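K.L.:
quick one, structure for this:
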Amino acid sequence: MSDQNLHVVIGAGGGAGSAVVRLLVSQGKKVRAVGRHPLAWLPAEVEFVAGDIADPAQAVEVCQGASIIYMCAGVPYHQWTQLFPLVIGGAIAGAQAAGARLIFSDNLYMYAPTDGPISEQTPLAPITRKGKVRVQLAEMLLAAHKRGDVRVAIARTADFYGPHANSTTGDRFMAALLAGKALQWLGNLDALHALTYLDDLARGLVTLGEHDEALGQVWHIPPGEPITGRQFIALACEEAGRPVKIMRVTREMLWLAGLTAPDIRETAEMYYQFDRPFIVDASKFRAAFGGRSTPYREALRQTIAWYRQAHLS
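P.N.:
Numbering: from 1, shown residues only. Next comes the predicted model:
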C-alpha cells in the first residue's frame, strides 16, 4: 500500500518542480524529489533520488511508495518529439506501479491563435510541432486514465515567472534586471498576455492532487490578470530599483539567433503567442477550488528577493 504522505516530484530541479517541493515541505508532507542531478538547495528532510524517467524501469523505482506524483520535468525544445513521449510513458508506468495519482504540469501550446480567452473547451488545433507533441502527451495521459491504468489530472499554465523559471521571464530576464540591462520581450509589447507566478502554479498542482473530482480532466491554472510586456517590465524595474530598459525581440531576431542555438530556433515557432493578445480563462478552476493569484507587484518582489539571495549565496 502506498504511503499516503509520500509525494514524488519529478523534475524537482526546474521552476514548477522546485515550487511544488517548497510548498509540500511547508505543508509538512513527506517529499521525494526526482531529478538527473543532486540539488544543493533541497531541505534536509527531502529525499533526493536520481533517475531517468524516460526509462520505465527507473521510473517505477523512483516512484515506489508514492501516493501522488507531480510530473513537472521538462525536455529541451529540440528533443520534444523524440523524448517527451518516452518521459510521459515512464511517468505513467511509475504511477501505475505505485497506485498513485499523476498530476501533469502542462502548457498551452496545443491551442491555435485566437482572438478570445483560451478555455479548456477551446479546440485543440496546434499550428506548431511542439503544440502537436503536447496534444500527443495529453492523449497518452487521458487514455491511460480512461483505461483505468492510472488516475490523471492535467494542469495547463501560461508562461510562468519566479525562482528557477525556465521561461521568457525567467532566469535570463531576472539576471538582466538585476544587472540593470535591457529586458527582452518577445513580440508586441502592448498586447495583453497571461503570466503565472510559480508559487500559484504549485498551489494549483497540489490542489488538483488533493481532490478526487479533479481527476480525468484538464484544468487551466489561474494566472495573474492579463498584463502587457511593457507593464510587466515597468513593474519589475520599479521593484528592483532599476531603470526601465526594454528590447523588443522580433521573429527575425529569433530566426537569426536560432541558426546556432537549437532552442532559440524552436522558440520562433511560438512567436504567435506574443504578437497578439494571449489570455487564459481559468474560471473552471476558480469555480471548483477558489483561490487567488498573487498580485504582480507582490510576486515580483518575492522573485527579485530570491534571485538576489541566490546570487549572493
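K.L.:
what's the weakest-modelled helix or strand in the chain?
P.N.:
helix 262-267 (a mean of 83; mean pLDDT, DSSP states H and E).
K.L.:
what packs against whichever helix or strand comes after it?
P.N.:
The first helix or strand that comes after helix 262-267 along the chain, using DSSP states H and E, is helix 283-289. With contacts taken as 3 or more CB pairs under 8 Å, 6 or more residues apart in numbering; DSSP states H and E, helix 283-289 sits against strand 218-220. All C-beta spots, glycine's among them, are computed from the backbone N, C-alpha and C.
K.L.:
neighbouring strands of the following helix or strand past the strand it packs on in the sheet, and parallel or not?
P.N.:
Following strand 218-220 in sequence order, the next helix or strand is strand 227-228 (DSSP H and E). Each strand paired with strand 227-228, and its direction, by DSSP bridges: strand 192-193 (antiparallel).
K.L.:
what's in contact with the strand it pairs with?
P.N.:
Ala158, Asp159, Pro226, Ile227, Thr228, Gly229, Phe232, Gln273, Phe274, Pro277, Phe278, Ile279 (CB atoms under 8 Å, 6 or more residues apart in numbering).
K.L.:
before we move on, the earlier item: may I have the least confident helix or strand of the chain exported as PDB, CA atoms only?
P.N.:
Provided in PDB are the C-alpha atoms of helix 262-267 (Å, rounded to 0.1, in the frame of the first residue of the first chain):
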ATOM      1  CA  PRO A 262      18.500  25.000 -31.400                       C
ATOM      2  CA  ASP A 263      16.300  26.000 -28.500                       C
ATOM      3  CA  ILE A 264      16.100  29.600 -29.700                       C
ATOM      4  CA  ARG A 265      15.200  28.300 -33.200                       C
ATOM      5  CA  GLU A 266      12.400  26.300 -31.600                       C
ATOM      6  CA  THR A 267      11.200  29.400 -29.800                       C
END
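K.L.:
just give me how far that helix sits from the chain centre.
P.N.:
From the chain centre to the centre of helix 262-267 is a distance of 18 Å (CA atoms, centre = their mean, to the nearest Å).
K.L.:
can you list the buried residues in that helix?
P.N.:
Buried residues in helix 262-267, counting neighbours by 16 or more other CB atoms under 10 Å, are found at Ile264, Arg265, Glu266, Thr267.
K.L.:
just the contacts of strand 192-193 now: which is nearest Leu39?
P.N.:
When the contacts of strand 192-193 are compared for distance to Leu39 (CB to CB), Asp159 wins out at 23.5 Å.
K.L.:
give me the beta-bridge partners of that closest one?
P.N.:
The partner residues for Asp159, given DSSP bridges, come to Leu195.
K.L.:
neighbours around it, how many?
P.N.:
Asp159: 22 surrounding residues under other CB atoms under 10 Å.
K.L.:
in this structure it contacts Thr169, no?
P.N.:
Yes. Because the distance of 6.5 Å satisfies CB atoms under 8 Å, Asp159 is recorded as touching Thr169.
K.L.:
for these two, list the residues in contact with both.
P.N.:
Leu195.
K.L.:
of the buried residues of helix 262-267, which is the nearest to Gly15?
P.N.:
The closest of the buried residues of helix 262-267, once distances to Gly15 are taken by CB to CB, is Thr267, at 16.5 Å.
K.L.:
residues in contact with Ala73?
P.N.:
Ile10, Gly11, Gly14, Gly17, Val34, Ile53, Val87, Ala91.
K.L.:
which of the three states applies to the fifth one?
P.N.:
Yep, that's Val34 we're talking about. strand (DSSP: H, G, I helix; E, B strand; the rest coil).
K.L.:
tell me if I'm right that it and Gln58 touch.
P.N.:
No. Applying CB under 8 Å as the test, Val34 and Gln58 come out as separate, 9.4 Å apart.
K.L.:
which residues do those two both contact?
P.N.:
Gly51.
K.L.:
so which of those two has more stuff around it?
P.N.:
Taking other CB under 10 Å, Val34 and Gln58 do not tie; Val34 has more neighbours (30 against 18).
K.L.:
what sits opposite the more buried one in the beta ladder?
P.N.:
Bridge pairing for Val34 - DSSP bridges - gives Ile10, Val49.
K.L.:
so where's the stretch 1-150 of the chain uncertain?
P.N.:
Within the stretch 1-150 of the chain, the ranges that satisfy pLDDT under 70 run 1-4.
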